[in-house]
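Asks: Dropping a prediction and its sequence here:
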Amino acid sequence: MAWTVDARIPLLLVADAAGLATALAGGPAAVLAEAPAPSVPGAIAVESFDASLPHAMACTCCNGRSPAAAALDRLFLARVRGQCGWFTRVVALASNPVAQAQVAAALEGDALTTARFRPA
C-alpha cells in the first residue's frame with residue numbers, strides 16, 4: 001500500500017456569505033476575501049486582496065505576483081509566525097469572476113502558493 005501525505009493547507013473557494021458561513025462550520029479556518037474584508041466571526045484570521053487593482057510589475061508589495069497570491073502569503077506567514085491562531089484550512093470568499101480567477105490562478109500557477117496551499 002502506498003502512502004501519500006499532502007501537508008499543504010486546503011483552500012475552498014466560495015462565492016457568497018452563505019457559502020462562507022457553511023464552510024466556516026467545519027473547523028478552524030482562515031478567510032481570504034476581496035477588499036474590503038468583511039467582519040467574519042469564527043475565523044482564525046482574515047486577509048483581503050483587491051482584485052480590481054492590478055499592481056505594477058514587480059511592485060514592492062507583491063513583486064509582480066497577483067494580489068490574491070500576496071494575500072495568501074500574508075496568511076501563511078501570520079500562521080507560521082504565531083501572529084494568529086493555527087488554522088487548518090482557508091476559505092476564500094470571491095464573489096466576482098475576476099477575484100475567483102485570481103485565486104484559481106494563484107493555486108495553479110504561483111509557485112509559493114502551490115507549495116503551501118491546495119484546492120479543497
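Replies: Arrived safely, thanks for sending.
Asks: what bridges to P10?
Replies: Beta bridges link P10 to R118, judged by DSSP bridges.
Asks: my guess is it contacts A92, does it?
Replies: No - using Cβ atoms under 8 Å, P10 is not in contact with A92; the gap is 10.9 Å. (Glycine included, C-beta is placed from N, CA and C.)
Asks: who's more crowded, these two?
Replies: Taking other Cβ atoms under 10 Å, P10 and A92 do not tie; A92 has more neighbours (30 against 14).
Asks: A120 against L12, yeah?
Replies: Yes - A120 lies in contact with L12 (Cβ under 8 Å); the separation is 4.0 Å.
Asks: Mind listing the shared neighbours of the two?
Replies: R89 (Cβ atoms under 8 Å, 6 or more residues apart in numbering).
Asks: show me where pLDDT drops low in this structure?
Replies: Per-residue confidence for the chain (pLDDT under 70) gives these ranges: 53-63.
Asks: any idea where the helices of the protein begin and end?
Replies: 17-24, 67-80, 97-109, 111-116 (DSSP state H).
Asks: Same question for the shortest one: list its buried residues.
Replies: Same thing as helix 111-116. T113, R116 (16 or more other Cβ atoms under 10 Å).
Asks: Need the contact partners of it.
Replies: Under Cβ under 8 Å, 6+ apart, the answer for helix 111-116 is R8, I9, R65, A69, L72, D73, F76, A106, L107, E108.
Asks: Tell me how far L112 lies from A21.
Replies: 29 Å (Cβ to Cβ, to the nearest Å).
Asks: Pretty sure R118 sits against L12.
Replies: No - at 10.5 Å, R118 does not count as touching L12 under the criterion of Cβ under 8 Å.
Asks: Same drill for the two, tell me which one is more crowded.
Replies: L12 (18 against 15).
Asks: got a list of what that one touches?
Replies: By Cβ under 8 Å, 6+ apart, the neighbours of L12 are A23, R89, V90, V91, A92, P119, A120.
Asks: Understood, closing this out.
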